[in-house]
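Just the structure for this:
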Amino acid sequence: MITGKRLHDMSRQRVLGSILALAGVAVFTFALSGLLPIGYDFYHYYWPIPRAWLAGETHLYDDASRGFYSPPWTLWLLLPFTVWDIHLGMAAFTVSSLAMVSGVGYLYLREAGAGRQAWLILLLAAICPYTLSVLFVGTLDAWSLLGVYLSYRALRAEKPWLLGAGLMLALVRPQNAVLTAPVLLLALRHWNTRDLASAAVVPALVLAGSFVGFGPDWPLRWWLNLNALPPFPYLVTSTYAATNAGGIPLPLVLLGSAVLVGVVVRRVWQEGIHPGTLDLTVTGNAVVSPYMLSQSYALLLVLPWASLALRRPWLAALPYAVTPLLLIRAQGLWDRLGLLDATFPIILLVLLLIEPRLRSPVQPAPPASREPVTRDQPLPPERT
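The predicted model follows:
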């Protein structure tokens with residue numbers, strides 16, 4: 001039995017531990033700010049544009065904020081990182097992204113029953129070139145990863161408000177939710193009207209706040225901004241860009257994408273949301289999304305790849321082996337390296353489809369009978 005004094009001492013230890021942990025993170029962040037280069041996306045978009053909006057110099061999606069394609073509520077998430085100078089802001093943004101990647105990976109692997117080998121899987125996911133791109137470019141894929149995971153946990157735990165918040169967070173990188181968000185919503189078909197209404201509260205509030213804070217015409221301005229300065233096509237690793245570079249006809253690619261979407265939807269419809277179907281959904285999203293950059297593969301590394309590495313390490317080594325191509329890709333080498341780089345999600349998808357434990361989950365053995373053996377019951381024959 002825990003006494004009041006013991007409980008008080010445990011609470012003090014937790015508080016002291018939390019303070020020391022926060023102090024360590026602060027010291028690490030300040031030290032990193034003097035060493036870390038400023039990422040391209042953070043320098044051009046995610047630090048100056050929120051500051052300009054606060055100063056009244058932009059309404060968002062106008063001439064003063066060209067190249068900012070994320071939903072408007074993304075800007076609110078970025079504001080805390082703009083109160084310092086750009087070096088400290090970049091360091092804090094990187095540390096938060098690393099915390100999201102490692103935290104989601106740890107929780108997901110723990111749910112899968114990972115033991116001591118989990119640290120190695122997390123390390124490989126964190127130092128992979130795709131994840132390093134997220135950290136060094138200063139982009140939002142770690143936030144989108146957190147949103148996808150929170151949506152998944154909300155569906156498993158039946159927490160409507162968390163689902164709404166998770167989906168809005170996942171949409172800070174819309175290409176990461178092209179297939180993922182609609183498929184996750186399939187699980188709502190069993191929810192009652194009250195839970196559905198609760199799940200819509202956070203998105204409704206966020207959208208209402210966006211119309212108030214950025215004007216009722218922000219969707220039109222976003223569309224005009226997208227057309228005025230389309231995303232730079234270099235380094236795009238979507239299946240369509242890669243297969244076009246490889247000379248594969250577009251109709252054939254579209255047909256394959258449609259078949260894949262049907263497979264994912266059918267699996268989720270029949271089985272619901274669990275780690276196996278989430279892995280397939282996230283990987284399928286990376287394959288069928290019309291716009292994909294390789295740093296978005298961080299979602300694959302932390303979720304489906306980590307799950308596969310836990311079960312079949314040698315299979316997981318196959319897609320991981322293609323990732324160093326990102327380190328040596330340079331201007332003019334797209335035709336040779338871009339196609340290979342885009343094979344990461346495709347190889348991972350094939351492995352997920354053929355991996356036996358996803359196709360045929362191992363059923364637990366029936367419990368042994370506890371009925372006592374009586375004298376009238378025959379004993380099993382002895383081994384000779």
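
Mind giving me the packing neighbours of the helix or strand harbouring Leu352?
Per DSSP states H and E: Leu352 is located in helix 343-354. Helices and strands touching helix 343-354, as assessed by 3 or more Cβ pairs under 8 Å, 6 or more residues apart in numbering; DSSP states H and E, comprise helix 239-245, helix 275-288, helix 298-300, helix 306-311, helix 313-320. All C-beta atoms are positioned from the backbone trio N, CA, C, and that covers glycine.

how far does the fourth one sit from the chain's center?
In terms of Cα atoms, centre = their mean, to the nearest Å, the gap separating the centre of helix 306-311 from the centre of its chain is 16 Å.

What lies in contact with it?
105, 108-109, 112-114, 117-118, 121-122, 124-125, 275, 279, 315-316, 320, 348, 351-352, 355, 357 (Cβ atoms under 8 Å, 6 or more residues apart in numbering).

Dump the C-alpha coordinates for that helix into PDB.
Included here for helix 306-311 are C-alpha records, laid out as PDB according to Å, rounded to 0.1, in the frame of the first residue of the first chain:
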ATOM      1  CA  ALA A 306       9.300   0.000 -38.600                       C
ATOM      2  CA  SER A 307       6.500  -2.400 -38.300                       C
ATOM      3  CA  LEU A 308       7.900  -4.600 -41.000                       C
ATOM      4  CA  ALA A 309      11.500  -4.300 -39.600                       C
ATOM      5  CA  LEU A 310      10.200  -5.600 -36.300                       C
ATOM      6  CA  ARG A 311       8.700  -8.800 -37.900                       C
END
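
Show me which positions of it end up buried.
Ala306, Ser307, Leu308, Ala309, Leu310 (16 or more other Cβ atoms under 10 Å).

Pretty sure Phe68 sits in a helix.
No. Counting by DSSP: H, G, I helix; E, B strand; the rest coil, Phe68 is not part of a helix but coil.

Help me confirm that it comes into contact with Tyr45.
Yes. At 5.2 Å, Phe68 counts as touching Tyr45 under the criterion of Cβ atoms under 8 Å.

What count of nearby residues applies to Ile347?
Number of residues near Ile347 (other Cβ atoms under 10 Å) recorded here: 16.

Closest to the centroid, which residue in this protein?
Nearest to the mean C-alpha position of the chain, by Cα atoms, centre = their mean, lies Leu145 at 2.1 Å.

Not including adjacent chain positions, what is the nearest residue to that one?
Leu299 (4.9 Å; Cβ to Cβ, 6 or more residues apart in numbering).

Next, work out how far apart the residue nearest to the centre of the chain and Leu301 are.
Separation of Leu145 from Leu301 (Cβ to Cβ, to the nearest Å) stands at 9 Å.

sorry, back to before: doesn't the residue nearest to the centre of the chain belong to a helix?
Yes. Counting by three-state DSSP, Leu145 is part of a helix.

What distance do you get for it to Tyr152?
The spacing between Leu145 and Tyr152, counted by Cβ to Cβ, is 11 Å.

one step back: what lies in contact with the helix holding Leu352?
So helix 343-354 is contacted by 130, 239, 242, 260, 263, 279-280, 283-284, 286-287, 294, 297, 300, 304-305, 308, 312, 315-316, 318-319, 322-323, 358-359 (Cβ under 8 Å, 6+ apart).
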